[in-house]
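**Student:** Here is a sequence with its predicted model. Questions after.
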Amino acid sequence: QVQLVESGGGLVQPGGSLRLSCAASGSLFSINVMGWYRHTPGKQRELVATLTSGGSTNYADSVKGRFTVSRDDAKNTVYLAMNSLKPEDTAVYFCYVQYTTRPGGIFYADWGQGTQVSVSS
């Protein structure tokens, strides 16, 4: 069992910035992928950004150049720096972690509880 604790959401004006954090704890041996997805009512959950343990990133086209995903493996924490925020970035943002619980073990995946990001003037 892995616990994911998110923080950093809130209300911001268009053009503003926010930084999300997600700390993972529990039965972790290694974390392969950490990242963020978002969900808006009436739409499917969509990938925002992911970062592998090897340093490979994947961003949604809509956030490229504005959002940056990073991780601190010593703290099992992933961050999402969001700049130049737009009203269409309004969503619930979910932390995502893919991990193993033992050497050579299978991969598991878990989600955070979600944090609301609202962009409005």
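**Tutor:** Thanks, I have it.
**Student:** Can you spell out which residues form a bridge with the residue nearest the centre of the chain?
**Tutor:** With distances taken as C-alpha atoms, centre = their mean, the residue of the chain nearest its centroid is W36 (2.4 Å). With DSSP bridges applied, W36 shows beta-bridge pairing to A49, C95.
**Student:** right, and it touches L20 too?
**Tutor:** Yes. With contact defined as C-beta atoms under 8 Å, W36 and L20 form a contacting pair (6.7 Å). For the C-beta atoms, the positions are set from N, CA and C on the backbone; glycine is no exception.
**Student:** joint contacts of these two?
**Tutor:** Residues touching both W36 and L20 by C-beta atoms under 8 Å, 6 or more residues apart in numbering: 80, 93, 95.
**Student:** list the contacts for the last one?
**Tutor:** This points to C95. Contacts of C95 (C-beta under 8 Å, 6+ apart): 4, 6, 20, 22, 24, 34-36, 78, 111-112.
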